[in-house]
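Enquirer: Structure, please.
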Amino acid sequence: MKVVIVGGVAGGATAAARIRRLDESAEITIFEKSNYISYANCGLPYYIGGEITDKEELTLQTPESFYSRFRINVFVRHEVLSIDTAAKTVKVKNRDSGEVFSCNYDKLVLSPGARPIKPPFPGSDDERIFTLRNVEDTFRIKDYLTAKAPKRAVVVGGGFIGIEVTENLVRLGIDVTLVEAAPQLMAPFDEDMAAFIHAEVRRNGVKLRLGAAVESFVNEEGGLGVRIKGGEEIVADMAVIAIGVAPDTALAKEAGLELGIKGSIVVNDRMETSAPDVYAVGDAAEIKNFVTGKPALISLAGPANKEGRIAADNICGKDSRYGGGQGSSVIKVFRLTAAATGVNERTAKREGIDADKVILSPMSHAGYYPGGKIMTMKVVFERGTYRLLGAQIVGYEGVDKRIDVLATAIRAGMKATELVELDLAYAPPYSSAKDPVNMAGFMIENIRDGLVGQWYCDDVPSLKRDGSVTLLDVRTEEECAASGIIEGFVNIPVDVLRERIDEIPLGKPVYVICQSGLRSYVAARILAGRGYEVYNFAGGYRFYDVVVNDRLCAESSTACGKDSD
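Expert: So this is what the prediction gives:
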């Protein structure tokens with residue numbers, strides 16, 4: 001059996017190695033148009049910032065090492081020009097010699113990846129403007145930083161690459177402005193959870209411009225001018241465009257393969273395309289969203305590697321199926337860790353799912369053990385069925401652990417209420433006896449059982465302040481004095497609530513808030529036990545304060561620039 005693989009990074013390299021492990025006699029050839037195979041895409045920004053110092057660490061394999069271990073023929077700087085699915089051949093160009101030749105196959109795996117989106121902004125061909133997708137891009141940026149020592153940079157795009165590049169440029173002492181056309185960074189997160197990311201970015205001196213669309217680049221006497229729709233111009237010494245990627249599927253289109261969203265290659269759950277004996281994996285392949293069941297593009301390393309393995313299994317006669325991706329991801333944002341899995345509340349509602357959520361702020365480990373850090377969790381579920389839909393967490397320690405537990409629960413089809421049953425490891429330096437994931441389950445269980453109703457940030461402006469409802473803050477007087485209190489709320493600390501219950505009129509709905517949501521829940525149960533209709537604020541005052549301040553910054557970005565906290 002002769003297998004040809006187009007593209008030698010995550011999906012392609014994984015497929016090749018798996019085929020060899022399953023079939024020692026297969027003839028396997030990889031054609032990769034760049035200079036490198038099996039390189040660490042996710043590590044590229046950290047080489048720019050100096051966290052990774054040895055460029056050799058960026059490449060997990062070389063053509064020589066791949067051949068030595070797996071007897072796989074790897075040809076770098078060889079570009080596949082066309083595919084003839086009827087004749088089962090590919091036409092290949094040696095980019096060094098210019099030679100063009102044909103190569104036949106029994107099975108073909110397409111793993112061309114994705115290309116950086118670079119809109120035709122006027123002036124975008126300036127040599128001071130970069131994209132970051134492969135090793136060559138990384139070296140170009142690194143060489144420019146070394147040779148020119150820029151003091152100011154603009155990063156366009158607030159996704160994974162944009163944020164990681166921003167952090168690493170700041171690490172080099174460069175003054176960075178991060179420009180994002182959307183109203184928030186990191187699309188996998190809801191706007192309220194993204195507020196924590198925004199605060200951390202601003203806290204580290206980055207000038208954040210949200211809802212700002214780049215129109216053009218111009219050569220100014222003082223440097224590179226980045227013009228924003230509406231008239232603003234930011235002058236810098238360099239710019240990095242990181243506004244996303246698009247499937248690199250020109251080959252597949254010319255070969256007549258069925259294409260899906262954004263021109264991606266349509267595959268079934270065996271990673272088979274519409275052409276016989278042709279498979280597609282990685283960023284170029286359209287897959288199924290595990291939660292919604294809808295077609296999706298998920299440009300992450302984890303799914304690409306899984307897809308490569310599944311394609312290899314099926315090529316070698318096994319029957320492997322891919323159930324879809326749920327977009328589990330984690331990112332370092334300066335000192336902060338942010339992670340997500342499944343769909344967020346915004347996406348769920350867009351897909352017509354009746355979504356609800358709980359928001360909590362637990363400690364990363366037992367509060368009495370030194371060094372614990374607060375994290376903020378948002379768990380999204382379907383009303384009525386309590387199907388787990390997704391989760392987002394931001395914090396400093398233990399974030400990745402909890403998101404992986406929740407990702408596993410989603411994959412296992414667990415209901416949100418079943419999170420209470422998870423038997424998770426506990427010791428004071430690592431967790432609490434009631435792990436944060438269990439706590440989310442307890443909260444959802446309470447909602448199911450009618451023990452508590454919720455109200456949210458978006459309800460604050462519409463709360464009646466005419467005496468028809470009671471607005472109650474149950475934090476201590478000292479807390480309210482230190483951080484403020486929402487207009488119209490009265491302060492009765494939870495520990496004296498029973499003694500002062502007569503101050504709260506019976507027969508009127510009561511909206512309760514505390515710092516994190518725990519004391520207000522206790523207050524809600526006290527009040528409910530006395531016959532009050534009561535609603536607990538989801539997330540607590542700390543959550544409210546971060547979200548509201550972020551919205552104020554968005555309205556006046558200049559006021560929330562470098563010196564903002």
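Enquirer: how long is stretch 259-276 from one end to the other?
Expert: For stretch 259-276, the first-to-last residue distance is 15 Å (C-alpha to C-alpha, to the nearest Å).
Enquirer: List the buried residues of that stretch.
Expert: Within stretch 259-276, the residues scored as buried using 16 or more other C-beta atoms under 10 Å are 259-260, 263-267, 270-275. Where you see a C-beta, it was placed from the backbone N, CA and C, and this is true even at glycine.
Enquirer: Just the helices from the protein, written as ranges.
Expert: Secondary structure of the chain by DSSP state H: the helices cover 10-22, 44-48, 63-70, 135-148, 160-171, 191-203, 250-254, 301-315, 345-350, 399-411, 436-448, 477-483, 518-529, 540-555.
Enquirer: Mind checking those helices for the one nearest to residue 366?
Expert: Ranking the helices of the chain by proximity to residue 366 (C-beta to C-beta) places helix 436-448 first, at 11.6 Å.
Enquirer: Pull out the buried positions in the closest one.
Expert: Applying 16+ other C-beta under 10 Å to helix 436-448 flags 436-447 as buried.
Enquirer: Would you format these as TSV with distance to residue 507 included?
Expert: As requested, those are exported to TSV (distance: C-beta to C-beta, whole Å):
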residue	distance to residue 507
436	37
437	38
438	36
439	32
440	33
441	33
442	30
443	27
444	29
445	29
446	24
447	24
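Enquirer: quick one, what contacts residue 527?
Expert: Contacts for residue 527 (C-beta atoms under 8 Å, 6 or more residues apart in numbering) come out as 497, 501, 504, 510, 512, 534.
Enquirer: repeat that for 7 Å
Expert: 510, 534 (C-beta atoms under 7 Å, 6 or more residues apart in numbering).
Enquirer: end to end, how far does stretch 498-512 reach?
Expert: End-to-end distance for stretch 498-512: 15 Å, by C-alpha to C-alpha.
Enquirer: Quick one: mean pLDDT over that stretch.
Expert: If you average the pLDDT over stretch 498-512, you get 96.
Enquirer: Please apply the same query to stretch 235-254.
Expert: Per-region confidence: stretch 235-254 scores 95 on mean pLDDT.
Enquirer: got the buried residues for that stretch?
Expert: Across stretch 235-254, burial judged by 16+ other C-beta under 10 Å covers 236-249, 251-252.
Enquirer: how about those residues, which pair is most distant?
Expert: Farthest pair in the buried residues of stretch 235-254, by C-beta to C-beta: 237 and 252, 39.1 Å.
Enquirer: that older thread, which members of the buried residues of stretch 259-276 are positioned in strands?
Expert: 265-266 (DSSP state E).
Enquirer: Pick out whichever of the buried residues of stretch 259-276 sits closest to residue 426.
Expert: Distances from residue 426 to the buried residues of stretch 259-276, taken by C-beta to C-beta, are shortest for residue 271, at 40.1 Å.
Enquirer: related to what we said a few turns ago, will you turn the buried residues of stretch 259-276 into JSON lines that also has distance to residue 75 and pLDDT?
Expert: Formatted as JSON lines, the buried residues of stretch 259-276 follow (distance: C-beta to C-beta, whole Å; pLDDT from 0 to 100):
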{"residue": "259", "distance to residue 75": "27", "pLDDT": "98"}
{"residue": "260", "distance to residue 75": "29", "pLDDT": "97"}
{"residue": "263", "distance to residue 75": "26", "pLDDT": "96"}
{"residue": "264", "distance to residue 75": "25", "pLDDT": "97"}
{"residue": "265", "distance to residue 75": "22", "pLDDT": "98"}
{"residue": "266", "distance to residue 75": "28", "pLDDT": "98"}
{"residue": "267", "distance to residue 75": "25", "pLDDT": "98"}
{"residue": "270", "distance to residue 75": "27", "pLDDT": "98"}
{"residue": "271", "distance to residue 75": "23", "pLDDT": "98"}
{"residue": "272", "distance to residue 75": "25", "pLDDT": "98"}
{"residue": "273", "distance to residue 75": "23", "pLDDT": "98"}
{"residue": "274", "distance to residue 75": "27", "pLDDT": "98"}
{"residue": "275", "distance to residue 75": "23", "pLDDT": "98"}
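Enquirer: what's the most distant pair in the buried residues of stretch 259-276?
Expert: Across these, the longest distance by C-beta to C-beta is 21.4 Å; it joins 263 and 270.
Enquirer: which ones are touching residue 488?
Expert: Residue 488 touches 463, 465, 471, counting by C-beta under 7 Å, 6+ apart.
Enquirer: Let's see if you can find the most crowded of the residues you listed.
Expert: residue 471 (19 neighbours; other C-beta atoms under 10 Å).
Enquirer: measure that residue to residue 488 for me?
Expert: According to C-beta to C-beta, to the nearest Å, residue 471 stands 5 Å off from residue 488.
Enquirer: which residues are common contacts for those two?
Expert: Taking C-beta under 7 Å, 6+ apart as the criterion, residue 471 and residue 488 both touch residue 463.
Enquirer: Give me the nearest residue to residue 440, chain neighbours excluded.
Expert: The shortest distance from residue 440 to any non-neighbouring residue, by C-beta to C-beta, 6 or more residues apart in numbering, is to residue 379 (4.5 Å).
Enquirer: my guess is the one you found meets residue 392, correct?
Expert: No. Between residue 379 and residue 392 there is no contact under C-beta atoms under 7 Å: 8.3 Å.
Enquirer: what's the closest of the helices of the chain to residue 87?
Expert: Of all the helices of the chain, it is helix 250-254 that lies closest to residue 87, at 14.4 Å by C-beta to C-beta.
Enquirer: For the closest one, what is the distance to the chain centroid?
Expert: In terms of C-alpha atoms, centre = their mean, to the nearest Å, the centre of helix 250-254 is set 29 Å apart from its chain centre.
Enquirer: which helices and strands does that helix pack with?
Expert: Secondary-structure packing of helix 250-254 (3 or more C-beta pairs under 7 Å, 6 or more residues apart in numbering; DSSP states H and E): strand 78-84.
Enquirer: Next, the buried residues of the strand it packs on.
Expert: Using 16+ other C-beta under 10 Å as the test for burial, strand 78-84 gives 78-80, 83.
Enquirer: Could you check the pLDDT of the closest residue in space to residue 420 that isn't next to it in sequence?
Expert: Counting by C-beta to C-beta, 6+ apart, residue 441 is the residue found nearest to residue 420 once chain neighbours are left out, at 3.8 Å. Looking at residue 441, its pLDDT reads 97.
Enquirer: Residue 360 now?
Expert: At residue 360, the model reports a pLDDT of 96.
Enquirer: Contact partners for the residue sitting furthest away from the middle of the chain?
Expert: Computed with C-alpha atoms, centre = their mean, the residue of the chain farthest from its C-alpha average is residue 502, at 48.1 Å. Shown in contact with residue 502 (C-beta under 7 Å, 6+ apart): no residues.
Enquirer: cool, residue 329 as well?
Expert: For residue 329, the contacting residues are 188, 300, 339-340, by C-beta under 7 Å, 6+ apart.
Enquirer: just for the protein, where's the confidence low?
Expert: For the chain, the stretches with pLDDT under 70 are 557-565.
Enquirer: one more time with 80
Expert: 38-41, 55-60, 554-565 (pLDDT under 80).
Enquirer: the strands in the stretch 101-250 of the chain, which residues?
Expert: 107-110, 114-116, 129-131, 152-156, 175-180, 207-210, 214-220, 223-228, 233-236, 238-241, 245-247 (DSSP state E, counting those that start in this stretch).
Enquirer: Show me what the fourth one pairs with in its sheet, parallel or antiparallel.
Expert: If I follow you right, that is strand 152-156. Applying DSSP bridges, strand 152-156 is found paired with strand 175-180 (parallel), strand 238-241 (parallel).
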